[in-house]
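In: model this:
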Amino acid sequence: MLGSVYLGKDIRTGKAVALKIERHEGSNSDLLHEYKIYKDIAGCPGVSRVYWYGTEGMFNIMVIDRYELSLDHLVGQAPLDLHTAASFADQMVRISSMLHGPMFSHLLSSIPWNAFILTTIYIVTSSLRIS
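Out: A predicted model of the protein is given here:
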């Protein structure tokens, strides 16, 4: 089951964060799987930082960086000019190539184009899968 994303605020720093929440349904958690992938690729440029993962009551929760604008949102607003499209494509290829390797070979095909966040490209998705 995929969860929902909410706007949150770090109570220590006041920084805006994203809260990814799913109903806790035993050991078969999509969010836990996503958290483990984020942990494995932490530190790669363009990969969102995970601040916390855990269970509260009936919910699994992951706290990650919050970004303002997704590529999906930008494309929906107006057509991209060639220079902007090429710039974003270059950044997406660079990030994706960092994830190339035996451990993440199946990951690349599961990152949808609308999972990229702008101005600097970041990967934020709940559809990460490794087979």
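In: CA atoms only for stretch 25-38, dumped as CSV, please.
Out: Below are the C-alpha coordinates for stretch 25-38, written out as CSV (Å, rounded to 0.1, in the frame of the first residue of the first chain):
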residue,chain,number,x,y,z
GLU,A,25,0.2,-3.5,8.2
GLY,A,26,2.8,-6.0,9.6
SER,A,27,6.2,-6.6,8.1
ASN,A,28,5.2,-6.0,4.5
SER,A,29,5.9,-2.2,4.4
ASP,A,30,6.5,-0.3,1.1
LEU,A,31,7.7,2.6,3.2
LEU,A,32,10.3,0.5,5.1
HIS,A,33,11.5,-0.8,1.7
GLU,A,34,11.8,2.7,0.4
TYR,A,35,13.6,3.8,3.6
LYS,A,36,16.2,1.0,3.2
ILE,A,37,16.9,2.1,-0.3
TYR,A,38,17.3,5.7,0.7
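In: start the count at 475 instead of 1 going forward.
Out: Happy to do that; since the first residue is 475 now, the last one works out to stretch 499-512.
In: now do the buried residues in that stretch.
Out: By neighbour count on 16 or more other CB atoms under 10 Å, the buried set for stretch 499-512 is Ser503, Asp504, Leu505, Leu506, Glu508, Tyr509, Ile511, Tyr512. Just so you know, the C-beta spots here come from the backbone N, C-alpha and C atoms, and that holds for glycine as well.
In: biggest helix in the chain by residues?
Out: Assignment by DSSP state H gives helix 556-572 as the longest helix of the chain.
In: send the alpha carbons of it over as PDB?
Out: Provided in PDB are the C-alpha atoms of helix 556-572 (Å, rounded to 0.1, in the frame of the first residue of the first chain):
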ATOM      1  CA  LEU A 556      15.000  23.400 -25.200                       C
ATOM      2  CA  HIS A 557      17.800  24.700 -22.900                       C
ATOM      3  CA  THR A 558      15.800  24.000 -19.700                       C
ATOM      4  CA  ALA A 559      14.800  20.600 -20.900                       C
ATOM      5  CA  ALA A 560      18.400  19.700 -21.800                       C
ATOM      6  CA  SER A 561      19.700  21.000 -18.500                       C
ATOM      7  CA  PHE A 562      17.200  18.900 -16.500                       C
ATOM      8  CA  ALA A 563      17.800  15.800 -18.700                       C
ATOM      9  CA  ASP A 564      21.600  16.200 -18.100                       C
ATOM     10  CA  GLN A 565      21.100  16.300 -14.300                       C
ATOM     11  CA  MET A 566      18.700  13.300 -14.400                       C
ATOM     12  CA  VAL A 567      21.200  11.200 -16.400                       C
ATOM     13  CA  ARG A 568      24.000  12.200 -14.000                       C
ATOM     14  CA  ILE A 569      22.000  11.200 -10.900                       C
ATOM     15  CA  SER A 570      20.800   8.000 -12.500                       C
ATOM     16  CA  SER A 571      24.300   7.000 -13.600                       C
ATOM     17  CA  MET A 572      25.500   7.300  -9.900                       C
END
